[in-house]
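Asks: here are the coordinates; sequence isn't available:
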């Protein structure tokens, strides 16, 4: 019995080590509100993060059966819910740990109200090869506007106004609208 417990403990340590080894990347550019929202607002702004979907509890035998019957698409390995994330002040102080769904069947991410300013967000994302990574990004919250980050790999940006840029993962996948330099500077000064 003692050896079984030791083997189980060793297996758990290997599994935890694999989870903890997700690479961490920085998003190029600060994510801001969509260009169509470029209107002056008042009060707090909001943040919506479409983080990577939450892994599902899957029976190994059922997973193999489904793998053979869904031709390797593996949608069953993930719940509709988006994974949780953390918001930080520029100084590194935690502002809020966000539970990004009501339950595992909730596909809509949580909308978080924040005072205008610049924040750092650490969330799980999918890179260009659909591998799970930890993304660290700067987000700019404007009064009365919504800043959205799309880290789940499903976002296809529709053309914004001419000259609009996108914030991207290092592999090139777009994750949100690039905050205009003026908005980023103003948000930095207000902190």
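Replies: Yep, it's here. As the structure is a computational prediction, the values presented were derived from the model and not from experiment.

Asks: show me the strands in the chain, by range?
Replies: Taking DSSP state E to define them, one finds strands in the chain at 24-26, 31-32, 45-50, 53-55, 78-82, 85-88, 94-98, 111-114, 117-126, 132-141, 146-150, 166-168, 174-178.

Asks: show me what the second one is packed against.
Replies: Which is strand 31-32. Taking 3 or more CB pairs under 8 Å, 6 or more residues apart in numbering; DSSP states H and E as the contact definition, the neighbouring helices and strands of strand 31-32 are strand 132-141, strand 146-150, strand 174-178. Yep, even glycine has a C-beta here, placed from its N, CA and C like the rest.

Asks: tell me the contacts of the residue nearest to residue 92 when sequence neighbours are not counted?
Replies: Distances taken as CB to CB, 6 or more residues apart in numbering put residue 120 closest to residue 92, at 7.7 Å, once the chain neighbours are dropped. Under the criterion of CB atoms under 8 Å, 6 or more residues apart in numbering, the contact partners of residue 120 comprise 87-90, 92, 136-139.

Asks: burial check on residue 136, number of neighbours?
Replies: For residue 136, the count of nearby residues is 15 (other CB atoms under 10 Å).

Asks: for the record, mean pLDDT for stretch 173-183?
Replies: Rounded to a whole number, the mean pLDDT of stretch 173-183 is 81.

Asks: got it, and stretch 115-134?
Replies: Averaged across stretch 115-134, the pLDDT comes to 90.

Asks: and the residue nearest to residue 92, bridged to which residues?
Replies: residue 88, residue 138 (DSSP bridges).

Asks: measure it to residue 36 for me?
Replies: Computed with CB to CB, to the nearest Å, the distance linking residue 120 and residue 36 is 25 Å.

Asks: can you check residue 123 too?
Replies: When distances are taken as CB to CB, residue 123 and residue 36 turn out to be 24 Å apart.

Asks: just residue 179 next, same as before
Replies: Counting by CB to CB, the gap from residue 179 to residue 36 is 14 Å.

Asks: neighbour-wise, which of these two wins?
Replies: Remark: of residue 179 and residue 36, residue 179 carries more neighbours, 25 against 11, as counted by other CB under 10 Å.

Asks: isn't that one up against residue 29?
Replies: Yes: in this structure, residue 179 sits in contact with residue 29. The criterion is CB atoms under 8 Å, and the distance is 7.4 Å.

Asks: joint contacts of the two?
Replies: Counting by CB under 8 Å, 6+ apart, the residues touching both residue 179 and residue 29 are residue 167.

Asks: circling back to that earlier point, okay, the helices and strands packed on strand 31-32, which one's buried deepest?
Replies: Ranked by mean neighbour count under mean count of other CB atoms under 10 Å, the helices and strands packed on strand 31-32 are led by strand 174-178, which reaches a mean of 24.
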